[in-house]
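Asker: Mind folding the following:
(one chain, ligands or ions: 2)
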Amino acid sequence: MTQTATAPEARTQAENLDLLADVAVNVGLGLRPGQELVMTSSLDSVTLARRITEHAYRAGASLVTTLFNDEESALLRYRHAPDASFDYAAKWLYDGMAAAFKSGAARLAIAGTNPALLSSEDPYKVGRANRAVSQAYRPALNLITRHEINWTIVAGATPAWAAAVFPDNAPDEALTKLWEAIFTTTRIRTADPVSAWQTHDAELQKHAAFMNAKRYYALHYRGPGTDFRLGLADDHEWLGGGTTAGNGVYCIPNMPTEEIFSAPHKDRADGTVTATKPLSHQGTMIEGIQVRFENGRIVDAHATRGQEVLEKLIDTDEGARRLGEVALVPHSSPIAQSGLVFFNTLFDENAASHIALGQSYSSCLRDGDKLPAEELAARGANDSLIHVDWMIGSAELDIDGIAASGAAEPLMRGGEWAVTV
Ligand code: ZN
Ligand code: ZN
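Answerer: Ligands and ions are numbered 1, 2, ... in the order given. Prediction:
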């Protein structure tokens, strides 16, 4: 691994990009000598993609194949393609990716899209196109979500994404600011980013292990507009940071990542929760969300803005009114401290403690990946077509862990961990 001798504040953009690529390949992916790499990137992120390619070959990659996409070209489809196009996806391409993963390739995605790209396109066409891709990608995506291969996601700033995050700045300034935010939140602006990531990963693992040893029955949240008790699924497991993939390679799938997360019990949420950040859903901002749960189900939902979108969202199916994820993030994490809304799940999901409406992760239950759907449901795992994270953490949130005996223990106070691990 390369280390720069330059002090963090004196580094050039090129040095920071190189460090990000080094961390992505050698810490995020843990790429093995002789391993193939399949990368996806926006054309706007080609500079980062080249740095990652160099680090991958220096780590011994046998072949790096990058699939570039272009947002302008994606829009041309909506302008000019025949209607039947929107039920179509390049299945041959996704089958090829699945074949590459099965033969040992690692996967790296450079995230960074214009969050408003499709906001003025026909939602019916957008929905059909998304569904076609979901179906075609499923065999390859299953290998990723089951962690059979080592994979990671890192972010690359693009002009359109930067304009959405910093609408009041000139294009060049906005792009510089977004890169700065990416470097800060991915711990690149530290003396030694590789060891900063190793320390951070160890902290996440320790907190997950603490929660797994405690085996709390429920969590109790208290804060402004929030008094909420959330039961945890039977046999739940807390996860966070890196994981050893099925191919034996240790990888950290998301960069940044700040959360430890688990599966709540779909029938055991009671009380009122108020969101602490706006929720960006399919190009719409839902603000001022306040929801009341009874026996795990949302019985009352309000938003000061985007109420209709919220109602439509929770009416998607029965599971959309119930919770599928609980995640703890301290308020001192770099993303929370940035105070930014990134309009990108990789960052926004790691900005605060959150819960998610909809689908659970089967990996958050002991041996969950091997259990049939009925068994997962019997343990309290939720099933839905949606998985939408919403932020409920703040500097004013207190959380207690509730033992099976009913005894309460302080877990977080004022948004920070109240336990030493
Ligand atoms: Zn999460
Ligand atoms: Zn989530």
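
Asker: Test of understanding: give the bridge partners of the residue in the stretch 151-300 of the chain positioned nearest to ligand 2.
Answerer: Closest residue of the stretch 151-300 of the chain to ligand 2, Cβ to the ion: F261 (7.0 Å). (C-beta placed from N, C-alpha, C; glycine too.) Beta-bridge pairing for F261 (DSSP bridges): L239, A327.

Asker: For the helix or strand encompassing I110, enumerate the helices and strands it packs against.
Answerer: Using DSSP states H and E, I110 sits within strand 106-111. Using 3 or more Cβ pairs under 8 Å, 6 or more residues apart in numbering; DSSP states H and E, the elements in contact with strand 106-111 are strand 36-42, helix 46-58, strand 151-155.

Asker: Going along the chain, name the helices of the stretch 1-150 of the chain.
Answerer: Using DSSP state H, counting those that start in this stretch, the helices of the stretch 1-150 of the chain run over residues 13-23, 46-58, 71-80, 91-102, 123-145.

Asker: can you list those in JSON lines and add mean neighbour count?
Answerer: Output for the helices of the stretch 1-150 of the chain, formatted as JSON lines (neighbours: other Cβ atoms under 10 Å):
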{"stretch": "helix 13-23", "mean neighbour count": "20"}
{"stretch": "helix 46-58", "mean neighbour count": "20"}
{"stretch": "helix 71-80", "mean neighbour count": "12"}
{"stretch": "helix 91-102", "mean neighbour count": "16"}
{"stretch": "helix 123-145", "mean neighbour count": "16"}
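
Asker: what residue ranges in the stretch 1-150 of the chain score low on pLDDT?
Answerer: Scanning the stretch 1-150 of the chain for pLDDT under 70 picks out 1-5.

Asker: And the residue of it that's closest to ligand 1?
Answerer: As assessed by Cβ to the ion, ligand 1 sits closest to T145 within the stretch 1-150 of the chain, at 13.7 Å.

Asker: circling back to that earlier point, CSV for the helices and strands packed on strand 106-111, including distance to ligand 2?
Answerer: Below are the helices and strands packed on strand 106-111 laid out as CSV (distance: least, Cβ to the ion, whole Å):
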stretch, distance to ligand 2
strand 36-42, 21
helix 46-58, 25
strand 151-155, 13
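
Asker: could those go into a markdown table alongside distance to P193?
Answerer: What follows is these, written out as a markdown table (distance: least, Cβ to Cβ, whole Å):
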| stretch | distance to P193 |
| --- | --- |
| strand 36-42 | 20 |
| helix 46-58 | 13 |
| strand 151-155 | 12 |
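
Asker: Give me the domain ranges for the protein.
Answerer: Under automatic domain parsing, the residue ranges defining each domain of the chain are 8-185, 193-416.

Asker: hang on, the earlier thing: how about JSON lines for the helices of the stretch 1-150 of the chain, with distance to A418 added?
Answerer: Formatted as JSON lines, those follow (distance: least, Cβ to Cβ, whole Å):
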{"stretch": "helix 13-23", "distance to A418": "30"}
{"stretch": "helix 46-58", "distance to A418": "38"}
{"stretch": "helix 71-80", "distance to A418": "44"}
{"stretch": "helix 91-102", "distance to A418": "41"}
{"stretch": "helix 123-145", "distance to A418": "33"}
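
Asker: and the longest strand that the chain contains, which strands flank it?
Answerer: The strand spanning the most residues in the chain, taking DSSP state E as the definition, is strand 264-274. Paired with strand 264-274 in the same sheet, following DSSP bridges, are strand 226-232 (antiparallel), strand 290-294 (antiparallel).

Asker: Pairing partners for the next helix-or-strand element following it, with directions?
Answerer: Toward the C-terminal end, the helix or strand that comes next after strand 264-274 (DSSP H and E) is strand 279-281. Strand 279-281 has the following sheet partners, assigned by DSSP bridges: strand 284-286 (antiparallel).

Asker: What are the contacting residues of the strand it pairs with?
Answerer: The contact list for strand 284-286 (Cβ atoms under 8 Å, 6 or more residues apart in numbering) reads 278-280, 303, 305-307, 309-310, 313.

Asker: same question, stretch 50-70
Answerer: For stretch 50-70, contacts defined as Cβ under 8 Å, 6+ apart pick out 17-18, 20-22, 24-26, 31-43, 46, 49, 93, 100, 108, 110, 154.

Asker: first vs last residue of that stretch, how far apart are they?
Answerer: Stretch 50-70 has an end-to-end distance of 16 Å (Cα to Cα, to the nearest Å).

Asker: if we can go back for a sec, now, of the strands paired with strand 264-274, which is deepest in the fold?
Answerer: Of all the strands paired with strand 264-274, strand 226-232 carries the top mean neighbour count, a mean of 20, counting by mean count of other Cβ atoms under 10 Å.

Asker: Could the C-alpha coordinates of that strand be exported in CSV?
Answerer: This file holds the C-alpha atoms of strand 226-232, laid out as CSV (Å, rounded to 0.1, in the frame of the first residue of the first chain):
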residue,chain,number,x,y,z
THR,A,226,-40.1,10.9,19.7
ASP,A,227,-41.2,8.4,22.4
PHE,A,228,-40.9,5.0,20.8
ARG,A,229,-40.3,1.4,21.8
LEU,A,230,-39.0,-0.9,19.1
GLY,A,231,-38.7,-4.7,19.7
LEU,A,232,-35.9,-6.6,18.1
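
Asker: tell me the mean pLDDT for that strand?
Answerer: In this model, strand 226-232 has a mean pLDDT of 98.

Asker: Tell me how far it lies from the chain's centre.
Answerer: 22 Å (Cα atoms, centre = their mean, to the nearest Å).

Asker: Repeat that for stretch 364-384.
Answerer: 21 Å.

Asker: in it, what counts as buried?
Answerer: Residues 364-365, 368, 371, 376-377, 379-384 are the ones in stretch 364-384 that count as buried (16 or more other Cβ atoms under 10 Å).

Asker: picking up where we left off before, let me know whether the residue of the stretch 151-300 of the chain closest to ligand 2 touches H236 as I believe.
Answerer: No. In this structure F261 lies outside contact range of H236 using Cβ atoms under 8 Å: 10.2 Å.

Asker: Any figure for the gap between the nearest residue to L31 once chain neighbours are set aside and A49?
Answerer: Among residues not flanking L31 along the chain, A59 sits closest, at 4.7 Å (Cβ to Cβ, 6 or more residues apart in numbering). Per Cβ to Cβ, to the nearest Å, A59 is found 15 Å from A49.
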